[in-house]
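Participant: show me how the following folds:
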Amino acid sequence: MKLKHKTILLITTALLALTALSVCFAHTDSNTSRVDFPKQLESYKDPEDASILAIIRSRIKEHPFNVVATLIFFAAIIHTMLVSFFHNWAFKFEHRYEELKKEGLRDKSSQSMMAGVCHLLGEVEAVFGIWAIALAVAIASFFNWHTFVSYVNNLHYTEPLFIVVVMTIASSRPILKLFELLMWRIVNFFGGTLEAWWLIILIFAPLLGSLVTEPAAMTIAAFLLSDKFYILKPSNRLKYATLALLFVNVSVGGSLTNFASPPILMVAGPWGWDSQFMLLTFGFKSIAAIILCTIVYFILFRKDLSDLKETYEDYRYKRHIQHRFISKKELESNFDDLEKLVDKRVGFTSELNAYSVILKENIKELAALKLTEEEQAKYDISNAIDEKFEGIKIEEFNRTIPGLMPNKDETQIFDANWDAREDRVPKWIMLVNILFLIWTVFNSHEPVLFLSGFLFYLGFYQVTAFYQNRMDLKPALLVAFFIGGLMVHGGLQGWWIAPLLANLPELGLNITSIVLTAFNDNAAITYLSTLVTDFPDTLKYAIVTGAITGGGLTVIANSPNPVGQSILKKHFEKGVSSLQLLKFALLPTFITGLIFFLTR
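Facilitator: Numbering: from 1, shown residues only. Below is the predicted model:
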């Protein structure tokens, strides 16, 4: 193990030990059945005219558990920064385990347990959920189990549920084909080049977020980038630049309405911000920021994009040839006929069946030697062997020579390229999928309604399955798990975040909001600002612009980011590095922040 890996392991162990130590000390506090948890921000007895540091110290003294919750929260943040190292460890364990299997020291069908654990620890969407276990233990130790249960029950999980539904529908084949068709027309207007695809996806899709919500826009943009851009295997720096720019643009692109962006959703009601206000106050600034950031990165990485031109042309030509000369349906029919013709000439199936009869009879003879006469007389041994043998025979024949099996015995064969097919989707199916998406967005605050709509959608999906892709709920569920875990931790960070927000000047508040957003979901930042009484309009603008500006700095900065990361991480061999993402997100974040500040 390299030195840096040992250092990382040491840091993780130290954080766990620190958490456990904090819990042990905390356990000396009273253990009541009913506890005011989390402590309401307005109930703190803060010293008057005190500094931010003095307020924080006072709150720690008044409620010591604050330190424990924040230590665990920052441990989870550090863990998110280390996911790429866990991925590296997982690959090393897998490689070593494969060597052991070749040497006959491990079962060939087994898997490395350590590799599985490292893969779990390397899933950024699982990090906050994993550390929520440590938080649960800490709360139960400091107070009691009922306190933790009561706390998580009082959280509102509408957003994670909404993420599952909207991400599933928005990633459906009819929706993706519709927006691909729309963008294809725009791209063709500009020459159909790779550069045009890159620019249109990174500008048009984020702005679409103000209509279909940011999670849906992120889903659409990420799938299109995966299919049109990342498949070409761009340089590592262009991969990260594109991902960082996507995160920043989507965070900004949802600010043209009051319902599409999570951080704006948190303040729209309490502050009375409607869509007209958002469009007039943020509209042209957001559009200008997205266009300018994308053009700047286009100029900076033009050579990297240019290096992909030949690969892109080869890819386009290959797809054109495949589409023009190869018909999947015709080839399937021809191969079916060919298999039957070859079998008729060489008698392949007959030979296999004859040999299988001999094999079955040999098994029966062995059973007759091993079993007593009483057992043979009492039980139908021959029928038992026939039943089991025929089942295995059909299964194996389907695996090796499925085309020669009788129709009644054929099973559905998994088509690995099914989701990549280019068959057209009927327009009416696209329209119905759009209506389901609109229903979900329109009722985004009503779980009963959008979940009911999702049940109807699942039925429609089954009816139109031939025109759909396979439904993969794993990315949506992982993202929802990530958001839910972040909510559990973020709900206990107001004790130190709120004093910071309430005691800073406009520019300081804006910068602080950007920085805090990198370490906490920006919706949590804006939510905490609604708890500050008599908040001036200038500070409201500063906190919200800071939150949406910093939404691309890390995966945890904005709730749609895990959606994009989940879809695109397969193109990053060692997982998405948080430090590299932060590095390439700094410039567009600075440009966006400057535009919002200068036009305030």
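Participant: which residues are contacting whatever helix or strand residue 501 lives in?
Facilitator: Residue 501 belongs to helix 494-502 when assigned by DSSP states H and E. Outside helix 494-502, the residues that touch it by CB atoms under 8 Å, 6 or more residues apart in numbering are 38-39, 41, 44, 46, 52, 55-56, 59, 63, 66, 70, 509, 512-513, 516, 520, 524-525, 528-529, 531-532, 535, 543. Yep, even glycine has a C-beta here, placed from its N, CA and C like the rest.
Participant: those residues, buried ones only, as a PyMOL selection?
Facilitator: Here is the PyMOL command that selects the buried residues among these (16 or more other CB atoms under 10 Å):
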select buried, resi 38+39+41+44+55+56+59+63+66+70+509+512+513+516+520+524+525+528+529+531+532+535+543
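Participant: so which bits of the next helix or strand after the helix holding residue 501 are buried?
Facilitator: Next in sequence after helix 494-502, counting helices and strands by DSSP H and E, comes helix 506-519. Across helix 506-519, burial judged by 16+ other CB under 10 Å covers 509, 510, 511, 512, 513, 514, 516, 517, 518, 519.
Participant: JSON lines for the residues you listed, including pLDDT and distance to residue 387?
Facilitator: Output for those, formatted as JSON lines (pLDDT from 0 to 100; distance: CB to CB, whole Å):
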{"residue": "509", "pLDDT": "90", "distance to residue 387": "74"}
{"residue": "510", "pLDDT": "92", "distance to residue 387": "74"}
{"residue": "511", "pLDDT": "93", "distance to residue 387": "73"}
{"residue": "512", "pLDDT": "90", "distance to residue 387": "72"}
{"residue": "513", "pLDDT": "91", "distance to residue 387": "69"}
{"residue": "514", "pLDDT": "93", "distance to residue 387": "68"}
{"residue": "516", "pLDDT": "85", "distance to residue 387": "66"}
{"residue": "517", "pLDDT": "87", "distance to residue 387": "63"}
{"residue": "518", "pLDDT": "86", "distance to residue 387": "62"}
{"residue": "519", "pLDDT": "78", "distance to residue 387": "61"}
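Participant: quick revisit: and the contacts of helix 494-502, which of them are in strands?
Facilitator: If you go by DSSP state E, the contacts of helix 494-502 have nothing in strands.
Participant: for residue 57, give its distance to residue 39.
Facilitator: According to CB to CB, to the nearest Å, residue 57 and residue 39 sit 15 Å apart.
Participant: now swap in residue 423 and tell me
Facilitator: When residue 423 is compared with residue 39 (using CB to CB), they lie 58 Å apart.
Participant: likewise for residue 70?
Facilitator: 13 Å.
Participant: same check, this time on residue 599
Facilitator: Between residue 599 and residue 39 the computed distance is 39 Å (CB to CB).
Participant: please apply the same query to residue 571.
Facilitator: 44 Å.
Participant: and the helix holding residue 501, what's buried?
Facilitator: Within helix 494-502, the residues that count as buried by 16+ other CB under 10 Å are 494, 495, 496, 497, 498, 499, 500, 501, 502.
Participant: so how far is it from its chain's centroid?
Facilitator: Chain-centre distance of helix 494-502: 29 Å, with CA atoms, centre = their mean, to the nearest Å.
Participant: quick check: angle from it to helix 506-519?
Facilitator: 150 degrees (axes from the mean of the first three to the mean of the last three CA atoms, to 10 degrees).
Participant: which pLDDT value does the model give the spatially closest residue to residue 382 that is not a sequence neighbour?
Facilitator: Nearest residue to residue 382 in three dimensions, chain neighbours excluded: residue 364, at 6.1 Å (CB to CB, 6 or more residues apart in numbering). On the pLDDT scale, residue 364 is placed at 80.
Participant: figure out the helix or strand that residue 364 lives in.
Facilitator: helix 348-370.
Participant: swap in residue 478?
Facilitator: helix 474-490.
Participant: can you give me the helices in the stretch 151-300 of the chain?
Facilitator: With DSSP state H, counting those that start in this stretch as the criterion, the stretch 151-300 of the chain has helices at 158-170, 173-189, 194-212, 214-228, 236-253, 262-271, 275-278, 284-300.
Participant: the second one: which residues count as buried?
Facilitator: Counting neighbours by 16+ other CB under 10 Å, one finds that the buried residues in helix 173-189 are 173, 174, 175, 176, 177, 178, 179, 180, 183, 184, 187.
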